[in-house]
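A.B. asks: fold the stuff below for me.
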Amino acid sequence: MQRLGGKPAPRWLGGERGSGQGRTSPSSAHSDFNTNLCALTVHKRHKLCVVAKLTSFYNDDELILAIVHRHQSGTETLISVPVVVLNYAEARNVKMLYFRNDKQAVMRCISLAHLKKKAYLKESDGVLEYFIRIADMQPCAWRYWLFVTKTVVLTNKQQVDVKQLAMF
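C.D. replies: A predicted model of the protein is given here:
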């Protein structure tokens, strides 16, 4: 068994089953929960880009929308979330977006309802997106979330109705 600082490692790091260090996935009470865990991709700049994940924190059953800071230009103060991604998350009862900067060990969060009120809509690379200032998000404790292996491709066709509504 691997050890971490003299203690048994959590199961998700290769520790023993039943080591008391916590679950690796949400409880089996939510049978369809694991089917919702996925990376969300959209077509941007003529290629598929992973823009967010539907996942959960370790030892937590709540499904979250998660975005990791990737040191892209412009993401120091502002992030964007495609409308189609927000719609997909809301259809699965996701309530919160978490934005994590691993290098600085900083995390922020915002409810999806609050994000829609505070953010502005703009088209970027042919994709309608919500742009939210990182300062408008609440600081929260940095936590690990579950790794996802499935990918869902969201197409611009899925946001056509939203685009037309936003224009009028």
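
A.B. asks: without its sequence neighbours, what residue ends up closest to the residue most central in space within the chain?
C.D. replies: Note on the chain: the residue nearest the mean C-alpha position is residue 66, at 1.6 Å, using Cα atoms, centre = their mean. Closest residue to residue 66 apart from its sequence neighbours, by Cβ to Cβ, 6 or more residues apart in numbering: residue 53 at 4.5 Å. Quick note: C-beta positions are derived from backbone N, CA and C, even for glycine.

A.B. asks: what about that neighbour, which SS state?
C.D. replies: strand (DSSP: H, G, I helix; E, B strand; the rest coil).

A.B. asks: what's across from residue 133 in the sheet?
C.D. replies: Beta bridges link residue 133 to residue 78 when assigned by DSSP bridges.

A.B. asks: likewise residue 139?
C.D. replies: residue 108.

A.B. asks: local confidence estimate at it?
C.D. replies: As predicted, residue 139 sits at a pLDDT of 97.

A.B. asks: mind starting the numbering at 793 from now?
C.D. replies: With the count now opening at 793, the last piece we talked about shows up as residue 931.

A.B. asks: can you give me the helices in this protein?
C.D. replies: 825-828, 875-883, 904-910, 952-959 (DSSP state H).

A.B. asks: now the longest one: buried residues?
C.D. replies: If you call a residue buried by 16 or more other Cβ atoms under 10 Å, then helix 875-883 has these buried ones: 875, 876, 877, 878, 880, 881.

A.B. asks: for the first one, give its distance to residue 869.
C.D. replies: Spelled out, it's residue 875. 21 Å (Cβ to Cβ, to the nearest Å).

A.B. asks: grab the nearest non-local neighbour of residue 933.
C.D. replies: Residue nearest to residue 933 in three dimensions, not counting chain neighbours: residue 899, with 6.8 Å by Cβ to Cβ, 6+ apart.

A.B. asks: what residues are up against the one you found?
C.D. replies: Counting by Cβ atoms under 8 Å, 6 or more residues apart in numbering, residue 899 touches 890, 891, 892, 893, 931, 932, 933, 934, 935.

A.B. asks: on that earlier part again, if we only consider the buried residues of helix 875-883, which is nearest to residue 927?
C.D. replies: Closest to residue 927 out of the buried residues of helix 875-883 is residue 878 (19.7 Å), distances taken as Cβ to Cβ.
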